[in-house]
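*Asks:* From the sequence below, what's the structure:
(4 chains)
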Protein chains: 2
Amino acid sequence: MARKQKHKVDIIAVAQAAKVSASTVSRTFNHPEMVNPATRKKIDRAVRRLGYIRNRAAQTMHGKRSGTIGLVVPTINHAIFAEVIQAFSDSIDKAGFSLLIASHGYDLDREYAMIRKLLEHRVDGVALIGLEHSDATFRLIQQQEIPALAIWNYSEDTDLPCVGTDNRQAGRMAMEHLLSLGHREVGLIFPDTSGNDRARHRLEGALAALNERDITVPDPWRSEAPYSISQAKQVTLDLLAMSERPTALLCGNDVIAHGALYAAQSLGLRVPDEISIMGIGDFKGSVDLEPGLTTIRIPAETIGTLAGERFTDYITSDEPELFQICCELNCILRGTTGAIS
Amino acid sequence: MARKQKHKVDIIAVAQAAKVSASTVSRTFNHPEMVNPATRKKIDRAVRRLGYIRNRAAQTMHGKRSGTIGLVVPTINHAIFAEVIQAFSDSIDKAGFSLLIASHGYDLDREYAMIRKLLEHRVDGVALIGLEHSDATFRLIQQQEIPALAIWNYSEDTDLPCVGTDNRQAGRMAMEHLLSLGHREVGLIFPDTSGNDRARHRLEGALAALNERDITVPDPWRSEAPYSISQAKQVTLDLLAMSERPTALLCGNDVIAHGALYAAQSLGLRVPDEISIMGIGDFKGSVDLEPGLTTIRIPAETIGTLAGERFTDYITSDEPELFQICCELNCILRGTTGAIS
DNA sequence: AATAGTATTGCAAATGTTTTCATAAAATTA
DNA sequence: TAATTTTATGAAAACATTTGCAATACTATT
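*Replies:* Down below sits the predicted model:
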């Protein structure tokens, strides 16, 4: 079986081998109920014998869906995105779609270029991370009338469907946890917020919570750190080396918190007795730190799975309706935060 | 500009708008040097005005390359694969290709199914992780004459092009480091090796090194752990709770080593004085542990980048020639291993 | 000014499917 | 058994491109 043929195993070759017309072969794939079981069997055999694989490019050309969804992320190599991507991928796979992925390295112009590239492949939809994108991107989406989804952020006032969480709320919850423990002197270590609405909203939420209590954060206690444990550690070391040091640190994500924890420990500070450290995200690994990292859990897997399910529904539906799903946040109490003494 | 049109912006619409034939439009894209600069400008304007985006499905149907490469990984959500995927993605992007990705969860039958799915999309090549695949997979690749690449493993005796490292060598190097420090009582914690040649080879290499010195590892000191810090920690706790405990632990990857380190620390064992812990992989984060993890560095980014470059060359070349690239391993000495006292 | 050569462009066929419409065969009904 | 309905199949058009070939319009040469 499966002997090699001189290329060109198309639907016609199968048709000839099964002594039927190409139409019938096509129908066995697309509307099996319309073809006689006996013929179907003949065709199945021919398909197997020739090793025929359907050509979705040809189907796409005919106007059928391509069966691909494009996903554009800032980076793949990132604990939390990897988790979302995995869940999203599994989820759309179940619905019969394949994933075309591209990353832009937090550059919104590159994001635009990537989306264009995906559109050349006639993806049936584009999923993006966050709700902040270039004008060109929004125009493109609208002009091409391509279904687009925002993952990771939730907002009511957008015309994109979205599945995510309210990052302002996350920032606020984190800060309120610290406040409830009595902390009033809080340091903030966040990533660069330009082109990154997730980080920006978290910071805004945290500041809002402070503002309501008329608490301000002195500038020296506001640091910026990239997505890197060791660099976050370094930044934190600098911050904690000051004469006046905060009683708690709120970090924009768990990776930064991770670095901050190491920094505190390497300075011999007891966590949480001498300093509390709070993350946002609950990345894989945060639970395993010693002590475990207190953080706001963002359900990455749920978001990815839900996003995939809803988006494929949306794409395949005849009259798609906008959906905006807000996933729940949880404050996960572990060992890195404690009440002020 | 860019006003909306009632769909169907194809090459013909552009041709009409620019008052030329479709052929000429096609040529401006594919062989710009064949068309008069003035006409080219007219066409460019029309393209922009109509918001035309080329249709690769139609090109593919015509026999051109689809411009996509399929990548099938065990899982995306894995520090090390995420890094390889990112590098591979960037690398093929530079060559103008897009990445179709799929994961199989360490199930080689699912891997086969995923490859089939990618072939329906007429990917120009398939990249897989490792060299162990189902017979069906190998048959499929051969029968469809699809360029296939093995990433992550290196072996001379395979007919697939590959870019990776020699995992046996990695296992051996790790063990030899421990041996050189005087350790003779070594525990092994590895992942399940079925369908995972990377893990299996590392274990084989480690055992070979022991064998040459007539050292054996008692069964109770050989444990299996999944890719999870907390589970690895638990497994290690069990192992270290025995009355006789090894002086060193060799872990199949850094995540396991991570868990093992936590386990040792939570038992109050001083690392490396009372027990040495050795990883394999050098994942992001391993350097930041306290103490830093001694490990064998596998250059994931280099592998991904190189794989992308060579594979796209291979695919676009007229007479492609098999390549097999072995990337160098390095033993990274950090704080978790020490000489036997 | 005629000729040869070259640079542009258009026509039409080809690519691998799906689907509409028409037709033939089989099954049902009267 | 004839008429009617149902089921199964095939022929051909359509989808959006690319490209070989032919035709046309220039340019250079004599």
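*Asks:* Residue ranges in the stretch 101-250 of chain A under the pLDDT threshold?
*Replies:* Low-confidence segments of the stretch 101-250 of chain A, defined by pLDDT under 70, are absent; every residue clears the threshold.
*Asks:* Just the helices from it, written as ranges.
*Replies:* A:108-120, A:135-144, A:167-180, A:197-212, A:229-240 (DSSP state H, counting those that start in this stretch).
*Asks:* out of these, nearest to B:Glu321?
*Replies:* B:Glu321 lies closest, by Cβ to Cβ, to one member of the helices of the stretch 101-250 of chain A: helix A:108-120, at 29.0 Å. (Each C-beta comes from the backbone N, C-alpha and C, glycine too.)
*Asks:* which other helices and strands contact the closest one?
*Replies:* For helix A:108-120, the packing partners by 3 or more Cβ pairs under 8 Å, 6 or more residues apart in numbering or on different chains; DSSP states H and E come out as strand A:68-73, strand A:98-103, strand A:126-129, helix A:135-144.
*Asks:* Next one: that helix, is it in contact with DNA strand D?
*Replies:* No: residues of helix A:108-120 contacting DNA strand D under Cβ under 7 Å from any atom of the strand: none, with a closest distance of 8.8 Å.
*Asks:* List the buried residues for that helix?
*Replies:* Buried positions in helix A:108-120, judged by neighbour count with 16 or more other Cβ atoms under 10 Å in any protein chain shown: A:Leu108, A:Arg110, A:Glu111, A:Tyr112, A:Ala113, A:Met114, A:Ile115, A:Lys117, A:Leu118, A:Leu119.
*Asks:* Kindly reformat the helices of the stretch 101-250 of chain A as CSV containing distance to B:Lys42.
*Replies:* Listed next are those as CSV, based on distance: least, Cβ to Cβ, whole Å:
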stretch, distance to B:Lys42
helix A:108-120, 22
helix A:135-144, 21
helix A:167-180, 47
helix A:197-212, 40
helix A:229-240, 51
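*Asks:* Compare those and report which one is nearest to DNA strand C.
*Replies:* Of all the helices of the stretch 101-250 of chain A, it is helix A:108-120 that lies closest to DNA strand C, at 16.4 Å by Cβ to the nearest atom of the strand.
*Asks:* angle of that closest one against helix A:135-144?
*Replies:* 20 degrees (axes from the mean of the first three to the mean of the last three Cα atoms, to 10 degrees).
*Asks:* and helix A:108-120, how far out from the chain's middle?
*Replies:* In terms of Cα atoms, centre = their mean, to the nearest Å, the centre of helix A:108-120 is set 17 Å apart from its chain centre.
*Asks:* tilt between that helix and strand B:98-103?
*Replies:* Going by the same axes, to 10 degrees, helix A:108-120 makes 80 degrees with strand B:98-103.
*Asks:* Which parts of chain A belong to which domain?
*Replies:* Following automatic domain parsing, chain A resolves into domains at A:11-54, A:68-166+A:300-328, A:167-298.
*Asks:* The longest one near chain B at all?
*Replies:* Translated: domain A:167-298. Yes: when contact is scored as Cβ under 8 Å from any Cβ of the partner chain, part of domain A:167-298 falls within range of chain B: A:229-230, A:233, A:258-259, A:262, A:265-266, A:284-285, A:287-288, A:290.
*Asks:* can you list the residues of chain A near DNA strand D?
*Replies:* Where proximity means Cβ under 7 Å from any atom of the strand, the interface of chain A facing DNA strand D comprises A:19-24, A:27, A:34-36, A:38-39, A:58, A:61-63.
*Asks:* quick one on the thing from earlier: out of the helices and strands packed on helix A:108-120, flag the one nearest B:His183.
*Replies:* strand A:98-103 (41.8 Å).
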